[in-house]
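Participant: sequence plus predicted model, see below.
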Amino acid sequence: MDAPKEIFLKDYKLPDYYFDTVDLSFFLGEEKTTVSAKISVVPRVDGVASPLVLDGVDLKLISVKINGNELKEGEFQVGPRHLILTSPPSGNFILETVTEILPHKNTSLEGLYKSSGNFCTQCEAEGFRKITFYQDRPDIMAKDTCRIEANKLLYPVLLSNGNLIEQGDLEGGNHFAIWEDPFKKPCYLFALVAGQLESRDDTFTTCSGRKVALKIWTPPQDLPKAEHAMYSLKAAMKWDEDVFGREYDLDIFNIVSVPDFLGAMENKSLNIFNSALVLASPETTTDADYAAILGVTGHEYFHNWTGNRVTCRDWFQLSLKEGLTVFRDQEFSSDMGSRTVKRIGDVSRLRTRQFPQDAGPMAHSVRPHSYIKMDNFYTATVYEKGAEVVRMYKTLLGSQGFRKGTDLYFERHDGQAVTCEDFFAAMRDANHADFANFLLWYSQAGTPIVKVTSSYNAEARTFSLKFSQTVPPTPGQPVKEPMFIPVAAGLLDSSGKDMPLSSIYHDGKLESVTCCGQPVYTTVLRVTKGEEEFTFSDVPEKPIPSLLRGYSAPIRLQSDLTDDDLFFLLAHDSDGFNRWEAGQILARKLMLSQVVNFQKSSPLVLDPQFVHGIKCILLDSSLDKEFIAKAITLPGESEIMDLMEVADPDAVHAVRKFIRKQLASQLKHEFLNLVKENRSSEKYVFDHTNMARRALKNTALGKK
């Protein structure tokens with residue numbers, strides 16, 4: 001077997017041939033499956049006849065024809081990974097192949113395989129080459145039809161991409177279905193499902209008035225558990241129209257629940273999910289599971305535009321579709337629930353999953369420079385950090401500017417396979433914006449460390465923030481350049497209210513930050529150099545700065561805020577994320593200090609200021625209940641042990657238990673009131689109001 005070969009971004013070359021249309025035909029059998037492919041081939045440069053190299057793995061070639069003529073020995077070469085047409089015609093031609101595959105022996109879960117008696121496919125990233133010979137790369141986009149034939153008793157349901165245009169019965173107990181997808185797509189989005197399934201049916205009327213049939217397919221016994229997935233799908237379709245202006249484009253949308261499937265897959269109009277991400281019932285499913293189904297259903301549906309209609313030129317651009325679509329599903333879930341709590345959860349996952357990746361031996365950029373095996377490309381850096389890069393565009397441009405950028409992106413690139421630079425250019429051009437060195441976020445690995453110090457000049461009524469940034473060395477990148485870091489910032493006065501911001505002196509210029517004559521309470525500082533200073537003018541008293549509001553950039557922030565400042569932010573900050581962040585920093589400090597006391601056998605002490613901060617949150621009726629539950633939850637034991645030079649589980653457990661008991665004792669009245677106010681004996685309902693009520697009640701009862 002050939003040794004793995006490293007693939008480099010810099011070596012990308014345009015294909016010598018494109019495919020215009022593809023007609024596939026499957027005869028599904030118990031022992032073997034026959035796949036016929038008829039491909040309309042178009043050379044990139046007319047009149048040039050270079051060899052056509054097709055990918056193929058574990059395929060038995062039965063025949064190969066060009067323009068109806070079967071090729072003879074010497075006109076093609078077949079190897080374990082390729083079919084090479086050595087001398088194809090110099091112009092357009094029709095390529096026909098017939099292959100045999102063995103789905104029942106395919107245990108890789110790539111290509112076409114059997115799952116619980118049903119046929120199923122998984123083609124991303126390079127699974128289509130296990131179905132038929134093809135240029136298995138995302139920049140080959142073609143329109144396709146798919147004919148499926150199988151035994152009707154064993155496989156009564158036959159599904160593929162696009163719209164169902166014909167079906168019927170055949171002799172010998174077989175039947176067939178023909179599906180047509182009128183939109184160009186790469187082969188990694190091909191899908192086929194055949195088996196004994198039943199569907200939960202509904203419809204969705206798009207913004208232009210088209211009625212779309214919605215079907216969620218499951219084994220018969222699981223059909224009652226598909227209600228929430230259908231709700232999630234319809235909510236995602238409506239949200240994508242309202243927020244991004246993206247309307248669904250076909251007559252039908254199918255989701256199939258499969259027990260033997262890795263995650264979920266956005267195949268055009270035929271999404272395939274692991275059953276755990278589709279099925280839900282109040283008896284066995286938690287609020288968190290319901291929310292996960294909502295988010296994943298949205299994520300895969302949103303790929304219809306960000307990934308399917310506009311796809312990646314090559315797999316190095318994976319974050320172009322995944323980072324953008326993760327951002328979109330995060331925003332969807334935020335709008336369907338608590339925006340602040342969703343942001344806290346996303347940032348917590350980023351810090352626990354992606355930050356260690358950035359700091360370890362496998363550190364890589366959002367768009368890596370090379371890979372050996374494509375499957376190892378699906379990382380927290382590409383997905384979660386990629387989503388943060390997209391979020392920074394919105395932070396810099398605002399909601400309207402970001403929407404202008406995405407509109408231009410879709411307008412320019414519908415039906416194309418493009419790059420991260422194309423998305424960047426759409427954002428820049430739609431807003432006539434200057435993003436300086438922003439593209440470094442795609443190419444430079446590592447988590448930036450940003451240090452900030454502050455000073456107040458009472459006489460001049462100015463408040464200054466001095467920033468310095470470094471990016472630690474990572475494998476292959478020992479020397480780093482300064483990043484483009486948007487820092488959303490606000491200033492709090494002594495009463496805890498946001499100060500109106502008027503102007504900022506930076507880089508030799510005094511610039512107004514007001515908007516249309518209206519006061520602004522949060523502004524975005526563009527930190528782009530190794531060291532730089534921003535000075536706020538007309539600041540009547542020494543403020544407490546609220547920095548990196550909403551976690552506006554994926555960095556590690558080190559500030560000169562004191563514990564008193566943090567307690568003040570915990571009690572008053574209008575930015576929910578920073579209010580939570582202040583409480584978590586204080587809780588970590590408190591727990592670590594008490595761990596030392598425990599190890600010395602000294603008495604454990606709970607800081608009264610911490611109790612006061614928690615009480616302020618409990619009594620703030622303006623806060624979302626789910627946020628209150630999140631804000632009063634102490635850091636987990638594993639999080640604290642990660643901060644210790646030598647972990648001491650017994651000490652950490654004892655300290656956390658002590659603090660929880662003290663809070664329960666000193667704030668007993670407040671907690672009991674919360675339990676009484678949030679009790680309910682009504683039937684389970686999944687919506688934000690009820691989820692938040694349950695979360696707060698359970699937290700008040702000490703279940704977290």
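Facilitator: All right, it came through fine. Residues are numbered from 1 along each chain as shown.
Participant: helix/strand/coil for residue 96?
Facilitator: strand (DSSP: H, G, I helix; E, B strand; the rest coil).
Participant: for the residue lying closest to it once chain neighbours are set aside, list the residues it contacts.
Facilitator: Distance criterion C-beta to C-beta, 6 or more residues apart in numbering; nearest residue to residue 96, sequence neighbours excluded, is residue 65 at 4.2 Å. Any C-beta I mention is one placed from the backbone N, CA and C, and that applies to glycine too. Each residue near residue 65 by C-beta atoms under 8 Å, 6 or more residues apart in numbering is listed here: 71, 94-97.
Participant: nearest to residue 9, of the residues you listed?
Facilitator: Residue 9 lies nearest to residue 95 out of the contacts of residue 65, by C-beta to C-beta, at 29.2 Å.
Participant: circling back: so the residue nearest to residue 96 bridges to which residues?
Facilitator: Under the criterion DSSP bridges, residue 65 forms beta bridges with residue 70, residue 96.
Participant: select from the contacts of residue 65 the one having the most neighbours.
Facilitator: Within those, most neighbours by other C-beta atoms under 10 Å means residue 95, with 25 neighbours.
Participant: now that one: closest residue in space that isn't a chain neighbour?
Facilitator: Closest residue to residue 95 apart from its sequence neighbours, by C-beta to C-beta, 6+ apart: residue 39 at 4.6 Å.
Participant: assumed residue 453 was part of a strand.
Facilitator: Yes. Counting by three-state DSSP, residue 453 is part of a strand.
Participant: low-confidence stretches in the stretch 601-704 of the chain?
Facilitator: 704 (pLDDT under 70).
Participant: if you set the cut-off to 90 instead, what comes out?
Facilitator: 681-682, 703-704 (pLDDT under 90).
Participant: strands along that one, start to end?
Facilitator: For the stretch 601-704 of the chain, applying DSSP state E, counting those that start in this stretch gives no strands.
Participant: now the host helix or strand of residue 183: buried residues?
Facilitator: Assessed by DSSP states H and E, residue 183 sits inside strand 174-186. Within strand 174-186, the residues scored as buried using 16 or more other C-beta atoms under 10 Å are 174-181, 183-186.
Participant: which element follows that strand toward the C-terminus?
Facilitator: Using DSSP H and E, the helix or strand that directly follows strand 174-186 along the chain is strand 192-195.
Participant: using CSV, write out every CA atom in that next one.
Facilitator: The C-alpha coordinates for strand 192-195 follow below in CSV (Å, rounded to 0.1, in the frame of the first residue of the first chain):
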residue,chain,number,x,y,z
LEU,A,192,-28.9,7.6,-1.2
VAL,A,193,-31.1,5.9,1.3
ALA,A,194,-33.2,2.8,0.7
GLY,A,195,-35.0,0.7,3.3
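Participant: which parts of it are buried?
Facilitator: Counting neighbours by 16+ other C-beta under 10 Å, strand 192-195 gives 192-195 as buried.
Participant: tell me where the stretch 1-150 of the chain has helices.
Facilitator: With helices called from DSSP state H, counting those that start in this stretch, the stretch 1-150 of the chain shows none.
Participant: swap that for the stretch 351-500 of the chain, sorry
Facilitator: Along the stretch 351-500 of the chain, the stretches classed as helices by DSSP H, counting those that start in this stretch are 355-359, 380, 386-413, 420-431, 440-443.
Participant: other residues contacting the shortest one?
Facilitator: Contacts of helix 380 with the rest of the structure, by C-beta under 8 Å, 6+ apart, involve 349-350, 353-354, 357.
Participant: pull out the buried members of these.
Facilitator: Among the contacts of helix 380, those scoring as buried are 350, 354, 357 (criterion: 16+ other C-beta under 10 Å).
Participant: and those, which is closest to residue 56?
Facilitator: Nearest to residue 56 out of those is residue 357 (C-beta to C-beta; 33.7 Å).
Participant: tally up the residues packed near the residue nearest to residue 323 when sequence neighbours are not counted, please.
Facilitator: Nearest residue to residue 323 in three dimensions, chain neighbours excluded: residue 386, at 2.3 Å (C-beta to C-beta, 6+ apart). Residues lying near residue 386 (other C-beta under 10 Å) number 29.
Participant: can you check residue 85 too?
Facilitator: Using other C-beta under 10 Å, residue 85 is surrounded by 23 other residues.
Participant: contact partners for it?
Facilitator: Each residue near residue 85 by C-beta under 8 Å, 6+ apart is listed here: 51-52, 54, 64, 66, 71, 75-76, 95.
Participant: filter the residues you listed down to the buried ones.
Facilitator: Buried members of these, counted by 16+ other C-beta under 10 Å: 52, 54, 64, 66, 71, 76, 95.
Participant: quick one on the thing from earlier: export the contacts of helix 380 as CSV, with columns for pLDDT and distance to residue 200.
Facilitator: Below are the contacts of helix 380 laid out as CSV (pLDDT from 0 to 100; distance: C-beta to C-beta, whole Å):
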residue, pLDDT, distance to residue 200
349, 98, 31
350, 98, 35
353, 97, 33
354, 98, 36
357, 97, 38
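Participant: among those, which lie within strands?
Facilitator: If you go by DSSP state E, the contacts of helix 380 have nothing in strands.
Participant: can you redo the residues you listed as TSV with distance to residue 225?
Facilitator: Shown next, in TSV, are those (distance: C-beta to C-beta, whole Å):
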residue	distance to residue 225
349	26
350	31
353	29
354	32
357	35
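Participant: closest to residue 551 out of these?
Facilitator: Among the contacts of helix 380, and counting by C-beta to C-beta, the member closest to residue 551 is residue 350, at 8.4 Å.
Participant: could you pull up the residues touching the closest one?
Facilitator: The neighbours of residue 350, taking C-beta under 8 Å, 6+ apart as the test, are 380, 384-385, 388, 554.
Participant: just the buried subset of these, please.
Facilitator: In these, burial by neighbour count holds for 380, 384-385, 388, 554, counting by 16+ other C-beta under 10 Å.
Participant: what's around residue 657, how many residues?
Facilitator: Other residues lying near residue 657 total 12 when counted by other C-beta under 10 Å.
Participant: quick check: the farthest pair among the contacts of residue 65?
Facilitator: Maximum distance among the contacts of residue 65 (C-beta to C-beta): 12.6 Å, for 71 and 94.
Participant: backbone dihedrals for residue 606, please?
Facilitator: phi -100, psi 120 (degrees, to the nearest 10).
Participant: secondary structure class for the residue positioned nearest the centre of the chain?
Facilitator: Centroid-nearest residue in the chain: residue 326, 2.0 Å away (criterion: C-alpha atoms, centre = their mean). Following three-state DSSP, residue 326 is assigned to helix.
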